[in-house]
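S.K.: this one's sequence-less:
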Ligand code: GUN
């Protein structure tokens, strides 16, 4: 990746994963077992299958135990919650991730609420979102955590900067805003109903786009010198018959002329999500074993 404007999330994530891998043997020595991550994939959603496969591979490559459960799409909510409860009480498991989206007949919130907060490596349980909001040690959602790491790597101290987060999801937008606030940014959480969105974004030193709308943030929305994190992954027609391509929520080619730095899609935030999942699993394993948090993560 030669353009210095592009933030190489893939390379950053590879280094983070290598550091996690280096820390695992110390945990194994102290705890007498590997950190364990259980991933539950309900049904056969093709995109979810790809994610879950990558997570499993990365977990094993870091020296951790990967446990996969793949119940059929017609599993009942009660059966899925019973599976989560079994994983909660399994001493060998430090992290539980239930891949979303779940089939329509299952209430995501009820399933997330059933996960033991100390094993909630997605950081979606209200105990963890509440701890994040009040500034206590929480397990923090992986995509915003990875985005923050890239921002701090590029900008150093974020204190006093204007940050605009576009998108108010529980998975990305809201926790991202909390993390940026903790870093002493002045945070605006914008969304689909925000008036004059382009003007709001133009004020920002930091833009995080997490709306799920292909190439919505245009070049002239971005203040010269801003740093842009593109969380979007949208599949659109490529112009070639029958072919599609991946784009983010930002019109990258246009923004490159304005921004100081931007994460590409793919190869930006995406690889950071998996690296942070391993980071959260390592942290959860230490806390569950009564060990101090691993240093440098
Ligand atoms: N589906 C898309 N992203 C995520 C994620 O970060 N965690 C889970 N559990 N499901 C997802």
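M.R.: Here it is on my side, so go on. As the structure is a computational prediction, the values presented were derived from the model and not from experiment.
S.K.: how about the residues of the stretch 51-200 of the chain that lie near the ligand?
M.R.: Neighbours of the ligand within the stretch 51-200 of the chain, by Cβ under 6 Å from any ligand atom: 97-100, 122, 142-143, 171. For every residue, glycine as well, the C-beta is placed using N, CA and C.
S.K.: repeat the analysis, applying 8 Å as the threshold.
M.R.: Applying Cβ under 8 Å from any ligand atom, we find that the stretch 51-200 of the chain lies next to the ligand at 51, 97-101, 122, 124, 141-143, 171.
S.K.: any of those residues buried? List them.
M.R.: Buried members of these, counted by 16 or more other Cβ atoms under 10 Å: 51, 97-99, 122, 124, 141-143, 171.
S.K.: in strands only, show me those.
M.R.: Taking DSSP state E as the definition of strands, those contribute 97-98.
S.K.: from the buried ones among the residues of the stretch 51-200 of the chain next to the ligand, which ones fall inside helices?
M.R.: 51, 142-143 (DSSP state H).
S.K.: and which of the residues of the stretch 51-200 of the chain next to the ligand is nearest the ligand?
M.R.: Within these, distances to the ligand taken as Cβ to the nearest ligand atom reach their minimum at residue 100, with 3.7 Å.
S.K.: just give the closest residue to that closest one, not the sequence neighbours.
M.R.: Among residues not flanking residue 100 along the chain, residue 108 sits closest, at 6.1 Å (Cβ to Cβ, 6 or more residues apart in numbering).
S.K.: give the contact list for the one you found.
M.R.: With contact set as Cβ atoms under 8 Å, 6 or more residues apart in numbering, residue 108 has these partners: 100-102.
S.K.: cool, and residue 190?
M.R.: Here residue 190 is in contact with 164-167, 197, 200-201 (criterion: Cβ under 8 Å, 6+ apart).
S.K.: just those: which are in strands?
M.R.: Among these, the members found in strands (DSSP E) are 164-166.
S.K.: between those residues, which sits nearest the ligand?
M.R.: residue 165 (16.5 Å).
S.K.: thought that closest one was touching residue 186?
M.R.: No. In this structure residue 165 lies outside contact range of residue 186 using Cβ atoms under 8 Å: 11.7 Å.
S.K.: compare these two (neighbour count), which wins?
M.R.: Between residue 165 and residue 186, counted using other Cβ atoms under 10 Å, the more crowded position is residue 165 (32 against 16).
S.K.: ok, that one to residue 234 distance?
M.R.: According to Cβ to Cβ, to the nearest Å, residue 165 stands 18 Å off from residue 234.
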